[in-house]
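Peer 1: Need a 3D model of the sequence below.
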Amino acid sequence: MNTPNVFRDEAWEMERDQMGVRGRSVAKPAGARELGAALYELVPGASGFNLHAHYGIEELFVVLEGTPTLRTHEAERELARGDVIACRRGRDGTHTFANRSDRPVRLLAVSTMTFPDVVLYPEKAKAFVMTRHPFEDPPEGVDEGLVKVFELNDDRGT
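Peer 2: Model prediction:
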């Protein structure tokens, strides 16, 4: 079994240059089947992912390095190394992280891998609907499920 290490520099599986974020899974390589966990690095000045809320997945974030800014639908606050943030399912768990510092930020994200999931992007007036993991191909002969982005028609984006 592979033993991933969140402090060792290893290859990044995902890079979103426009958001200043890169990441890699640490749960699957460690042998997890029902939990998701990923290491994310935000470069200095990173805007991070778009503000969003999951309706099927609960997430927990641990600040490993740096001082990220947590933004929710209610407020913003700077976090410190070692801080742990839980993002519950639904609107109360709306979140994103930015890096307004001049040093990299590293976050460990742990999540339930409960599908189906609906991810609401209130500022974009979009919803991402998934009946399976969006970044993994389903096994051959299995229903491909649904992984689709929908435009929301109301003006509130909720």
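Peer 1: Give me the distance between the closest residue to residue 84 other than its chain neighbours and residue 147.
Peer 2: Excluding the flanking residues, the one nearest residue 84 by Cβ to Cβ, 6 or more residues apart in numbering is residue 62, at 5.3 Å. For every residue, glycine as well, the C-beta is placed using N, CA and C. Look at residue 62 and residue 147: by Cβ to Cβ, to the nearest Å, they are 28 Å apart.
Peer 1: In terms of pLDDT, where does the spatially most central residue of the chain sit?
Peer 2: Geometric centre of the chain, nearest residue: residue 109, 6.8 Å, by Cα atoms, centre = their mean. Note for residue 109: predicted pLDDT of 98.
Peer 1: Just the CA atoms of the strand or helix carrying it, as CSV, please.
Peer 2: Assigned by DSSP states H and E, residue 109 belongs to strand 105-112. Extracted as CSV, the C-alpha positions of strand 105-112 are listed here (Å, rounded to 0.1, in the frame of the first residue of the first chain):
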residue,chain,number,x,y,z
VAL,A,105,-1.2,27.8,2.0
ARG,A,106,-1.7,24.0,2.4
LEU,A,107,-5.1,22.6,3.4
LEU,A,108,-6.1,19.0,4.1
ALA,A,109,-9.7,18.4,3.0
VAL,A,110,-11.5,15.4,4.3
SER,A,111,-15.0,14.5,3.1
THR,A,112,-17.7,12.0,3.2
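Peer 1: Does anything pack onto it? Which helices or strands?
Peer 2: In terms of contacts (3 or more Cβ pairs under 8 Å, 6 or more residues apart in numbering; DSSP states H and E), strand 105-112 is packed against strand 35-42, strand 59-65.
Peer 1: out of those strands, which comes closest to residue 133?
Peer 2: strand 35-42 (8.3 Å; Cβ to Cβ).
Peer 1: starting at the chain centroid, how far to that closest one?
Peer 2: 7 Å (Cα atoms, centre = their mean, to the nearest Å).
Peer 1: Partner strands of it and their direction?
Peer 2: Note on strand 35-42: by DSSP bridges, its sheet partners are strand 21-25 (antiparallel), strand 105-112 (antiparallel).
Peer 1: Can I get those strands in CSV including distance to residue 9?
Peer 2: Output for the strands paired with strand 35-42, formatted as CSV (distance: least, Cβ to Cβ, whole Å):
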stretch, distance to residue 9
strand 21-25, 10
strand 105-112, 11
